[in-house]
Each structure stands twice: as structure tokens, then as C-alpha cells.
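Trainee: fold the stuff below for me.
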Amino acid sequence: MLHTRVGRKRLMEFYHLKFQTLVIIFATFLPNPLFCSENCNFPAIFNFGDSNSDTGGLSAAFGQAPPPNGETFFHAPAGRFSDGRLLIDFIAERLELPYLSAFLDSIGSNFSHGANFATAGSTIRPQNTTISQSGYSPISLDIQRVQFSDFVTRSQIIRKKGGFFRNLLPDEEVFSRALYTFDIGQNDLTAGYKLNLTTDQVKAYVPRVLEQFSDVIQKLYGEGGRSFWIHNTGPVGCLPYIMDRFLVTASQIDKYGCSIPYNDVSQYFNLRLKEAVSALRKKLPMAAITYVDVYCVKYSLIAHAKKLGFENPFVACCGHGGKYNYNRFAKCGSKKIVNGTEIVIAKSCINPTARINWDGTHFTESANKWIFDQIVNGSFSDPPLPLNFACNRMNI
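Mentor: Predicted coordinates for the structure are as follows:
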């Protein structure tokens, strides 16, 4: 009896091994989507978003992000709310393009390889407040789209005139071959909480927000855009400023230290965003739309911070006081007068490269680089195409 059982077990192992071998052989000879796709060689990037991808828009309009912002890579303020580069900067590097100039920045800008319409504090849905009241930018996504449309028209008028400025603007054919990137939506969620709305009330307006998002994509498609790279929103419940500003009870904290209700809203937004992207693929037959799950990557980074070589992910590198080194009344770079002398009270930490959170809201350059390294090869994308293949439409 024992020999019979052993024999059966070995026979099952044999057939299992044979099946695995056949699967590997079969997969080897199946056409790989990448081999059937072309490297896109994007000539430009046009970016739309908020502070996660703003390279100087808000600074140009309302004053420069103060030092120590920019200290790690640019060694001076560079319009970014981080110590260095953002995901959009690493995207540009990978595509071998210059860093994007902010559309609103008139000083030293070169738009021949694209433009950045993002501004810190931007939302998809226009906010019924001023920036001084709420901190939200008046340049919502619909305004960014209008700016882009104006840019398309005026850039070609100026190019036809010739002269020096011709070389600072893109050729007409660039617009249909460019990559259109999006990283926006986080502020739409937090805006509701600032108005004391409940989680259910915030969820209730998400579909309307995403209708407005889809409308912008369709209008950009109508103006020639074909390749769209869309980041979902990150885990807002893991951000120090959320943990500091809003009431979170001990029972609402997950095993990694993040707020469950706020992350639940982010996940709901992302679910509906993915549905919206699927609907857009059906409406826009020539569009290649890539949905990138940055939520999963950012959450993994925070959850496994120490294993990945980072320090406490909930303590801001640049800030002033409190449990999270975050004070919304004394944000990164804030100063005050002490005995007649102006001093910086919200300083940078000694080693930003060991930190994940920069200022309570945004990520450090080292965190951004880690996140980029995870998403660039398509591992967290739908369809699962690497960045430089994102012009290829896949029927999946």
C-alpha cells in the first residue's frame, strides 16, 4: 500500500513537471506583445497635474517654493515641492528629454520638448475658494487643458514667424506623437475633508470628478493627443499632514501605520478611475491609454520602509515640531524673527536620502526614484507596457 502511494506521488510529480515544461515551451513560442510593439521615441511630454508633478507652475504664479526645496539635486529652489526630482523628471530622463519647463514660467523656459501645465494644489474639479483660503490652486485640470489648447495654437503662429523663439517651441507634428502624462486627483479627495464632509460624502462626488477628468482626456484627444500615461492617486491616509490635521482613532490605523478611512477613499477613487479609463479606450479608438497603479507602489514603499533602507515614513524630513515633524502653520522652509534676526525654523533633515516623506505632503527624491524604478517597466501598468512603449494600443 505504501509503495502504491509513493508510486502515485512520483507519477503526479512527473506529470506536474511535464505540464510546467510544456507551459514554458508554449509561452516561449507565443508572440510577446513587446516584440510586436514599437519603441515610441516620444519627442515631447505634456504634463497635467498637481504638486506631485509641478516643476514650477505655482512658483511662477505665486512665488518660488522656498529653500531647502530643491537642495539635493538642483542645489537651489527649482519650483518643485521636494528636495529634488519628481516622478515626471525621471520620466523625462528615461525618454531622454530635457526636464519640463512650467507653462506659466516665462523665465528661461524651453518648450520644444513639451510643457508642464501642473500646479501645486490643483484639482480636477474647480474649487469654489481662493488659494489663500484653502491652499488649492485656481488652475484646475480644465484650465490646464485650456492653457494647452492655447499653447498649441499660439506656438504654431510664433513658429511660422521664425526667429529665435521658433526653436523654443514644438513642431506641429509633435503634438500627436507626444506622451500626455497625468498625476492629479489627490487634492479633490482632501478638499472634501477640509469642508468637514464624511467619507461617504466624499465618495459620492468622485464619479462627477472623474466625468470631468474624462472630458479633459477626450478634448486632448480631439486636439491630436494619442498616448496617455495616467497615474492613479496615492495612499493619502499614509501622509503625515492627513494624520496630523484630521481625527484618526487608533482603531482606524492599519498595521503599517496608515489611516484606513482615508486610504479607502483613495482606493475607491482609483477603482472608478480605472473604470473611466476602460470607458475612454472604447470611446477613443486611436488612443493608447496606460493606467499606472502608483497607489500600490507608494503603499508598498511605506509599508516596507525599513526593509528598503528608509527611516520612519511618517516623519517629514523638512518641517517643524510635532509627532510627524509637520506643522501646517510652519511648513518646510518657514522663517520667523528671533531677536531681530530672521531664521529658518522648518529645516531639512540631515540625510534626505534616507527619508520617504519630504514635507508632510510630498515625497523625497530618493522615494520618487524608488517609485519610478518600480513603474517604468510596466509591472504596475494596465496594459503592462514599459514607459517607452506607451504609444502602443493593446487589445486586452
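
Trainee: find me the pLDDT at the nearest residue to Cys258 once chain neighbours are set aside, would you?
Mentor: Using C-beta to C-beta, 6 or more residues apart in numbering and skipping the chain neighbours, the partner closest in space to Cys258 is Cys238 (4.0 Å). (Each C-beta comes from the backbone N, C-alpha and C, glycine too.) We have a pLDDT of 98 for Cys238.

Trainee: next, work out how far apart Cys238 and Ser259 are.
Mentor: 7 Å (C-beta to C-beta, to the nearest Å).

Trainee: which of the two has more neighbours?
Mentor: Neighbours around Cys238 and Ser259, counted as other C-beta atoms under 10 Å, are more numerous at Cys238. The numbers are 26 against 22.

Trainee: so the more buried one makes contact with Ile260?
Mentor: No. Cys238 is beyond contact range of Ile260, at 10.6 Å (criterion: C-beta atoms under 8 Å).

Trainee: torsion angles phi and psi at Asn357?
Mentor: phi -90, psi 130 (degrees, to the nearest 10).

Trainee: who's in contact with it?
Mentor: Residues in contact with Asn357 (C-beta atoms under 8 Å, 6 or more residues apart in numbering) are Leu239, Pro240, Pro313, Phe314, Val315, Ala316, Cys317, Phe363, Thr364, Ala367.

Trainee: the same query, at a cut-off of 10 Å, please.
Mentor: Taking C-beta atoms under 10 Å, 6 or more residues apart in numbering, we find Asn357 in contact with 238-241, 302, 305, 310-319, 324-326, 363-364, 367.

Trainee: which of these count as buried?
Mentor: Listed as buried from these are 238-241, 302, 305, 310, 313-319, 324-326, 363-364, 367; burial here means 16 or more other C-beta atoms under 10 Å.

Trainee: take these and keep only those in helices.
Mentor: Of those, the ones assigned to helices by DSSP state H are Pro240, Tyr241, Ile302, Ala367.

Trainee: among these, list the two that are farthest apart in space.
Mentor: Tyr241 and Ala367 (15.6 Å; C-beta to C-beta).

Trainee: and the helix or strand where Tyr291 lies, what other elements does it pack with?
Mentor: Using DSSP states H and E, Tyr291 maps to strand 288-292. Judged by 3 or more C-beta pairs under 10 Å, 6 or more residues apart in numbering; DSSP states H and E, strand 288-292 is in contact with strand 179-183, strand 227-231, helix 260-283, strand 381-382.

Trainee: quick one: average pLDDT of it?
Mentor: Mean predicted lDDT for strand 288-292 stands at 98.

Trainee: centre of the chain to that strand, how far?
Mentor: For strand 288-292, the separation from the chain centroid amounts to 13 Å (computed by C-alpha atoms, centre = their mean, to the nearest Å).

Trainee: tell me the strands beside it, with direction?
Mentor: strand 227-231 (parallel), strand 381-382 (antiparallel) (DSSP bridges).

Trainee: what segments of the stretch 101-250 of the chain are helices?
Mentor: For the stretch 101-250 of the chain, helices defined by DSSP state H, counting those that start in this stretch occupy the ranges 131-134, 141-161, 174-177, 186-194, 199-222, 240-245.

Trainee: ranking the ones you listed by burial, who's on top?
Mentor: Among these, helix 186-194 has the highest mean neighbour count (mean count of other C-beta atoms under 10 Å), at a mean of 22.

Trainee: what's the angle from that one to helix 141-161?
Mentor: 150 degrees (axes from the mean of the first three to the mean of the last three C-alpha atoms, to 10 degrees).

Trainee: starting at the chain centroid, how far to helix 186-194?
Mentor: With C-alpha atoms, centre = their mean, you get 16 Å for helix 186-194.

Trainee: mind starting the numbering at 689 from now?
Mentor: Sure, I'll start numbering at 689, so the last one becomes helix 874-882.

Trainee: that helix to helix 948-971, inter-axis angle?
Mentor: 140 degrees.

Trainee: mind listing what Ile1063 touches?
Mentor: 775, 778-779, 917, 919, 978, 980-982, 984-985, 1069, 1074-1075.

Trainee: related to what we said a few turns ago, lowest average confidence across the helices of the stretch 789-938 of the chain, which one?
Mentor: helix 819-822 has the lowest average pLDDT among the helices of the stretch 789-938 of the chain, namely a mean of 83.

Trainee: what does that one contact?
Mentor: 746, 749-750, 807-809, 811, 815-816, 825-827, 875, 878-879, 882-883.

Trainee: what do you get if the cut-off is 7 Å, keeping everything else the same?
Mentor: Outside helix 819-822, the residues that touch it by C-beta atoms under 7 Å, 6 or more residues apart in numbering are Phe750, Gly809, Gln815, Ser825, Pro826, Lys882.

Trainee: Ile1033: which of these is nearest?
Mentor: Phe750 (21.3 Å).

Trainee: now the closest one: how far from Ser825?
Mentor: According to C-beta to C-beta, Phe750 stands 8 Å off from Ser825.

Trainee: show me which of these two is the more surrounded one.
Mentor: Neighbour totals were compared for Phe750 and Ser825, and Ser825 leads with 24 against 16 (other C-beta under 10 Å).

Trainee: so what's the nearest residue to that one once chain neighbours are set aside scoring on pLDDT?
Mentor: Among residues not flanking Ser825 along the chain, Gly809 sits closest, at 3.7 Å (C-beta to C-beta, 6+ apart). What the model reports for Gly809 is a pLDDT of 97.

Trainee: need the contact list for Gly809.
Mentor: Asp738, Ser739, Leu746, Ile819, Gly823, Tyr824, Ser825, Asn875.

Trainee: I appreciate the help and will end here.
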